[in-house]
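*Asks:* my questions are about this predicted structure, shown below with the sequence.
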Amino acid sequence: QVQLVESGGGLVQAGGSLRLSCAASGTIFSINTMGWYRQAPGKQRELVAACTSGGTTNYADSVKARFTISRDNAKNTVYLQMNSLKPEDTAVYYCKAVLKGSIRSPLRDYWGQGTQVTVSS
């Protein structure tokens, strides 16, 4: 069993900052990519940022230069520092990890339960 536990969401005014954390626990052999997705009401879930185990990062154009993703591989944890937040960043943010539960397991996607981020204007 693998669990992803997110924290750090909340309500913030436009221009403010929040830091999300996501820790993976359970039976884990290796983690490939960890990332953050978000889903606003009435919209599809979209990639916000992702980070490979080697440190390669990828960002949605809408968050570049404002958000920073980082990982602590020793703690199986990924972070998302969100600065200069805008009302359009309001969404439920989900953590995703692509990992192997054992040496013989295939890579699988695991998702967190989501954390609400609300940015007021």
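*Replies:* Noted; the coordinates are in hand. Numbering: from 1, shown residues only.
*Asks:* now the residue nearest the centre of the chain: phi and psi?
*Replies:* The chain has residue 36 as the residue nearest its centroid, 2.5 Å off, counting by CA atoms, centre = their mean. Main-chain dihedrals, residue 36, degrees, to the nearest 10: phi -120, psi 140.
*Asks:* what's the distance between the residue lying closest to it once chain neighbours are set aside and residue 61?
*Replies:* Nearest residue to residue 36, sequence neighbours excluded (CB to CB, 6 or more residues apart in numbering): residue 48, at 4.4 Å. Quick note: C-beta positions are derived from backbone N, CA and C, even for glycine. According to CB to CB, to the nearest Å, residue 48 stands 11 Å off from residue 61.
*Asks:* the two: which is more packed in?
*Replies:* Taking neighbours as other CB atoms under 10 Å, residue 48 and residue 61 compare with residue 48 leading, 23 against 6.
*Asks:* please identify the helix or strand for that one.
*Replies:* According to DSSP states H and E, residue 48 maps onto strand 46-52.
*Asks:* quick one: strands adjacent to the next helix or strand along the chain from that strand?
*Replies:* Once the chain leaves strand 46-52, the next helix or strand it forms, by DSSP H and E, is strand 57-59. Strand 57-59 has the following strand partners under DSSP bridges: strand 46-52 (antiparallel).
*Asks:* and for the strand it pairs with, what's in contact with it?
*Replies:* The contact list for strand 46-52, computed with CB atoms under 8 Å, 6 or more residues apart in numbering, reads 32-39, 57-60, 63, 67-71, 78, 80, 93.
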